[in-house]
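**Student:** Pasting a predicted model and its sequence here:
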Amino acid sequence: MHTRKARMAELADGFIALPGGFGTFEEFFEILTWAQVGLHQKPVGLLNLRHYFDPLLALVENTRREGFIYPEHHSLYLHSEQPEALLDAMEHYTERYASPAARWVDRDG
């Protein structure tokens, strides 16, 4: 499974999660974590059809407010209710920070 996902990530220009279940959540958060630790700098998006991901977005926002997500990592994903708007945002995505992974790297050792 990991080999398949790694190959798909290597070939992809970006990632979009559509409404789904546990597998969708697992893949979304795995690829988002890969961005967080600097394994890729590709856009990650949620297509929030009919507000499906609103509870998830609220959970992530609460997690950021509580200090479990660094502010720069909050910008590692995009979301929109409209496919065209999400694709446009992904096309113009640039990583806002030189290295979101910098917080995870021990420079002294």
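**Tutor:** Nice, thanks for sending it over. Residues are numbered from 1 along each chain as shown.
**Student:** shouldn't Asn14 be in contact with Asp88?
**Tutor:** Slight slip there: residue 14 is Gly, not Asn. No: using CB atoms under 8 Å as the test, Gly14 is too far from Asp88 to be in contact (12.0 Å). Where C-beta positions appear, they are placed from N, C-alpha and C, glycine not excepted.
**Student:** ok, longest helix in the protein?
**Tutor:** When the chain is parsed with DSSP state H, its longest helix is helix 22-36.
**Student:** same for that helix, what does it pack against?
**Tutor:** Applying 3 or more CB pairs under 8 Å, 6 or more residues apart in numbering; DSSP states H and E, one finds that helix 22-36 makes contact with helix 2-11, strand 15-17, strand 44-47.
**Student:** Next, the angle from that helix to helix 2-11.
**Tutor:** Helix 22-36 runs at 60 degrees relative to helix 2-11, counting by axes from the mean of the first three to the mean of the last three CA atoms, to 10 degrees.
**Student:** by contact count, what packs against the lowest-mean-pLDDT helix or strand in the chain?
**Tutor:** Ranked by mean pLDDT, DSSP states H and E, the helix or strand of the chain with the weakest confidence is helix 71-74, at a mean of 84. For helix 71-74, the elements it packs on are helix 54-65, judged by 3+ CB pairs under 8 Å, 6+ apart.
**Student:** report the angle between the axes of the helix it packs on and helix 22-36?
**Tutor:** Helix 54-65 and helix 22-36 meet at an angle of 30 degrees, taking the same axes, to 10 degrees as the criterion.
**Student:** buried stuff in helix 54-65?
**Tutor:** Leu56, Val60 (16 or more other CB atoms under 10 Å).
**Student:** Determine how far it lies from the middle of the whole chain.
**Tutor:** 13 Å (CA atoms, centre = their mean, to the nearest Å).
**Student:** if we look at it, which residues are touching it?
**Tutor:** Identification of contacts with helix 54-65 by CB atoms under 8 Å, 6 or more residues apart in numbering yields Phe25, Leu46, Asn48, Ile69, Pro71, His74, His79.
**Student:** Same check on stretch 5-12?
**Tutor:** By CB under 8 Å, 6+ apart, the surrounding residues in contact with stretch 5-12 are Phe15, Glu27, Glu30, Ile31, Trp34, Leu39, His40, Lys42.
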